[in-house]
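Participant: Sharing a model that was predicted from the sequence below.
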There are 2 protein chains.
Amino acid sequence: MEPELIWMRPEVSGVGRPPSRSRAEITEAAVRLADRDGLAGVSMRHVAAELGTGAGSLYRYVDNRDDLLDLMADHVYAEFQLGEPSGDWLSDLVAHGLQAREIFRRHPWLAELVLTRPVVGPNGIDVTEHFLAVLADHPAADGDKMVAMAMLNSVVAAAAQAEASPADMLRSARYIAHVAAAGKHPHLAALDLAPDGGDPLPGALRRILAGLLAK
Amino acid sequence: MEPELIWMRPEVSGVGRPPSRSRAEITEAAVRLADRDGLAGVSMRHVAAELGTGAGSLYRYVDNRDDLLDLMADHVYAEFQLGEPSGDWLSDLVAHGLQAREIFRRHPWLAELVLTRPVVGPNGIDVTEHFLAVLADHPAADGDKMVAMAMLNSVVAAAAQAEASPADMLRSARYIAHVAAAGKHPHLAALDLAPDGGDPLPGALRRILAGLLAK
DNA sequence: CCTCGTTCGCGAACATCGTATGCGATGCAG
DNA sequence: CTGCATCGCATACGATGTTCGCGAACGAGG
């Protein structure tokens, strides 16, 4: 009956026997495990084993598995290096997106998490604040800025996911080639997606952000 | 050892006892169930029960649960009404996005699915072909068109998800208000997201697409 | 019409999962 | 030193995805 985000609930109760572990410790173990075995490997039992404790004990720190996933996503968001805005908001945001890709590369499980749920822990909030700070002098409406941030995240996450599971991409490409060969989808058959060398992401982010936040 | 999409695998084998059900029948049962109980309610056992059969029997039609989810997503994509391009690509794409929202509203489980995996079944392919047809005369690069399509999907799916689970939105908003009150996030505290009446999505889609596909 | 080969439907089984509960141990406040 | 709230843990429960083996069902070939 407490539908509050986990960060709204106090970690220590103050009275009674003090806990032997912390949320941070559990989160780190879960992240370590996800980095090694993927999101599916993050079961309550495995996390508990990683900490040398029992599965049920985790529920003293976390209401359910979703809480743990929230903690994990926000935890790795601490890896963002949030510098001072340079005055060139476009370059700053593109750099921010590239930084996000590095984090997604270090933690391949993060993309799926970010696409499904919003990251609104302390670190997620700091990232949002930084994003808004970069755009502080931009005339766009606040709503549009938030949309731009969400789309920057989505694009980078989607790119990271494609990068992380090339087998799935090939499967889709094989099927598309198959139906294109049938001849009933001329535009699809005429698709030319060959990258012209180099990293396509920076240019894509530039165009997307410039388009979205055009004056 | 057959890493092909389910639509590449033949449904009927031609020899031996013929199956008593079809992929379509199973997919419809799964969709019906998801509409009623959400994605979590779509378990192999429940789907089987809906069809009056055993859980193991489904594996004659589908390799695993993910295959079934692929089938479901593509199945509801048949609800798209793909008319002839009007010549005004922007209006056509906005209308397409609003149509997508209607589908997401009818099938609240679809948003999560679309955000996680690409929809590349027969109907998904048709939708893509239609999207490209609308943009046939547009000078943008093919890659940019595909990015635009992905982002249109993401935005609508995200909006639909927010619409479908207002409780989660309120939880996040409550937390954000809490940290904003602490005073260390001035830009966040100054956020003004009040909608100025009316449906904000059409305008947002217009701006996004116009920005993305600007000449 | 009968037989053969193959596939089907199904029930049982297996490993694993998230989660609830009860109990003895623990450590701080007074 | 005592009281007591909280802790850690073992156990248990229901449900999940998936595999396997069996007998029944069906179409094709003779």
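Facilitator: Perfect, I can see it now.

Participant: show me where chain A has helices.
Facilitator: In chain A, the helices defined using DSSP state H lie at A:23-37, A:44-51, A:65-76, A:89-106, A:110-116, A:122-134, A:142-164, A:166-182, A:186-189, A:200-212.

Participant: who are the neighbours in contact with the most centrally placed residue in chain A?
Facilitator: Closest to where the C-alpha atoms of chain A average out (Cα atoms, centre = their mean) is residue A:114, at 3.7 Å. Going by Cβ atoms under 8 Å, 6 or more residues apart in numbering or on different chains, residue A:114 touches A:73, A:153, A:157. For glycine as for every other residue, the C-beta is placed from the backbone atoms N, C-alpha and C.

Participant: The last one - how many residues pack around it?
Facilitator: Put plainly, it is residue A:157. 22 (other Cβ atoms under 10 Å in any protein chain shown).

Participant: wait, doesn't it sit right on residue A:104?
Facilitator: Yes - between residue A:157 and residue A:104 there is a contact at 6.4 Å, judged by Cβ atoms under 8 Å.

Participant: what's the overlap in contacts for the two?
Facilitator: Joint contacts of residue A:157 and residue A:104 (Cβ under 8 Å, 6+ apart) are A:110, A:111.

Participant: for chain A, which spans come out with low pLDDT?
Facilitator: Scanning chain A for pLDDT under 70 picks out A:1-2.

Participant: If we use 50, what do you get?
Facilitator: A:1 (pLDDT under 50).

Participant: Farthest from the middle of it: give me that residue.
Facilitator: Most peripheral residue of chain A (Cα atoms, centre = their mean): residue A:183, 38.3 Å.

Participant: That one contacts residue A:190, doesn't it?
Facilitator: No - look at residue A:183 against residue A:190 with Cβ under 8 Å: they stay out of range, at 11.7 Å.

Participant: ok, back up a step: okay, the helices of chain A in JSON lines with distance to residue B:20 next?
Facilitator: JSON lines is the format used below for the helices of chain A (distance: least, Cβ to Cβ, whole Å):
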{"stretch": "helix A:23-37", "distance to residue B:20": "39"}
{"stretch": "helix A:44-51", "distance to residue B:20": "39"}
{"stretch": "helix A:65-76", "distance to residue B:20": "38"}
{"stretch": "helix A:89-106", "distance to residue B:20": "45"}
{"stretch": "helix A:110-116", "distance to residue B:20": "36"}
{"stretch": "helix A:122-134", "distance to residue B:20": "50"}
{"stretch": "helix A:142-164", "distance to residue B:20": "38"}
{"stretch": "helix A:166-182", "distance to residue B:20": "28"}
{"stretch": "helix A:186-189", "distance to residue B:20": "35"}
{"stretch": "helix A:200-212", "distance to residue B:20": "49"}
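
Participant: May I see the ones you listed organised as CSV, with distance to DNA strand D added?
Facilitator: CSV is the format used below for those (distance: least, Cβ to the nearest atom of the strand, whole Å):
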stretch, distance to DNA strand D
helix A:23-37, 10
helix A:44-51, 7
helix A:65-76, 12
helix A:89-106, 25
helix A:110-116, 17
helix A:122-134, 20
helix A:142-164, 20
helix A:166-182, 15
helix A:186-189, 30
helix A:200-212, 33
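
Participant: Pop the domain breakdown of chain A in here.
Facilitator: As assigned by automatic domain parsing, chain A contains the domains A:18-62, A:77-212.

Participant: Quick one: check the shortest one for contact with chain B.
Facilitator: No - when contact is scored as Cβ under 8 Å from any Cβ of the partner chain, no part of domain A:18-62 falls within range of chain B; the minimum is 11.2 Å.

Participant: now the end-to-end length of that domain.
Facilitator: 16 Å (Cα to Cα, to the nearest Å).

Participant: Compute the distance between the nearest residue to residue A:8 once chain neighbours are set aside and residue A:88, please.
Facilitator: Among residues not flanking residue A:8 along the chain, residue B:175 sits closest, at 5.8 Å (Cβ to Cβ, 6 or more residues apart in numbering or on different chains). Relative to residue A:88, residue B:175 is positioned 32 Å away (Cβ to Cβ, to the nearest Å).

Participant: just residue A:123 next, same as before
Facilitator: Looking at residue A:123 against residue A:88, where the rule is Cβ to Cβ, the gap reads 25 Å.

Participant: These two - which one has more neighbours?
Facilitator: Ranked by neighbour count (other Cβ under 10 Å), residue A:123 and residue A:88 place residue A:123 first, with 18 against 11.

Participant: The residue lying closest to residue A:6 once chain neighbours are set aside and chain B, how far apart?
Facilitator: Closest residue to residue A:6 apart from its sequence neighbours, by Cβ to Cβ, 6+ apart: residue A:67 at 4.7 Å. Look at residue A:67 and chain B: by Cβ to the nearest Cβ, to the nearest Å, they are 12 Å apart.
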